[in-house]
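Engineer: pasting the sequence and the predicted coordinates here, then a few questions.
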Amino acid sequence: MANTQKAVKDLISEIVRIAKAEVGVREIRDTNCGEIVNEYKAATWLNPKKGWPWCAAFVCWVIREALKSSGVKETKTFKRPRTASAWDFENWSIDQDSTTWMRKPHDGDILPGDIVIFKFSHIGIAVSSPNKDGNVITVEGNTDDAGSREGGGVYLKTRNISKIRSRIRFNLK
């Protein structure tokens, strides 16, 4: 059964809702581990009990959880992401059917629910469109107050679109 436009719209809403609900989660003592962080990492192919950078794992987990309640289903040609690499999300999107659409460069066309891949090998989820100054609000895992790609928690961040390498959008067509 094909993924319907309503199901994809519900998926996008769920991605934003779930990502925002995770803001405030922190890893334990800068170990890249912790009960909830390990749950994020379990959404990838890697061992979740080992300490490794988990920004992409956070996005994989959010999408996995959003799929459960949206009506969008995995098919032979659409599989949820399981990569632990921010830049590998581009390859994941290319390998999918028309359920995802990657744009590189992104031309500033960021929307809430887009996966945003940063030039500094980091990833997050847009929860706003860019404002007049080109800043977009994101939810990111494994960052900190300073915006590091090696932080210790899930934060709401403001990033300029000039820092974004590409964006992936779940397709409503």
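Structural biologist: Thanks, I have it. Numbers count the residues shown, from 1 in each chain.
Engineer: which stretches in the chain count as strands?
Structural biologist: Assigned strands in the chain, in chain order: 100-103, 115-118, 122-126, 135-143, 153-160, 164-170 (criterion: DSSP state E).
Engineer: which of those is buried the deepest?
Structural biologist: When neighbours are counted by mean count of other Cβ atoms under 10 Å, the highest per-stretch mean among the strands of the chain falls to strand 122-126, a mean of 27. (Each C-beta comes from the backbone N, C-alpha and C, glycine too.)
Engineer: could you find the closest non-adjacent residue to the residue nearest the centre of the chain?
Structural biologist: In the chain, the centroid-proximal residue (Cα atoms, centre = their mean) is residue 59; its distance is 3.2 Å. By the measure of Cβ to Cβ, 6 or more residues apart in numbering, the closest residue to residue 59 outside its immediate chain neighbours is residue 123, 5.4 Å from it.
Engineer: residue 85 and residue 54 touch, don't they?
Structural biologist: No - counting by Cβ atoms under 8 Å, residue 85 does not reach residue 54; the two are 11.2 Å apart.
Engineer: those two - which one has more neighbours?
Structural biologist: When neighbours are counted by other Cβ atoms under 10 Å, residue 85 and residue 54 differ, and residue 54 comes out ahead with 27 against 19.
Engineer: mind listing what the spatially closest residue to the more buried one that is not a sequence neighbour touches?
Structural biologist: Of all residues beyond its chain neighbours, the one nearest residue 54 is residue 142 (4.7 Å), with distances taken as Cβ to Cβ, 6+ apart. For residue 142, the contacting residues are 27, 32, 53, 54, 55, 58, 122, 149, 150, 151, 152, 153, taking Cβ atoms under 8 Å, 6 or more residues apart in numbering as the criterion.
Engineer: hmm, try it at 7 Å
Structural biologist: Residue 142 is in contact with 53, 54, 55, 58, 149, 150, 151, counting by Cβ atoms under 7 Å, 6 or more residues apart in numbering.
Engineer: and for residue 62?
Structural biologist: For residue 62, the contacting residues are 15, 18, 19, 125, taking Cβ under 7 Å, 6+ apart as the criterion.
Engineer: what's around the third one, how many residues?
Structural biologist: Counted with other Cβ under 10 Å, the neighbours of residue 19 add up to 28.
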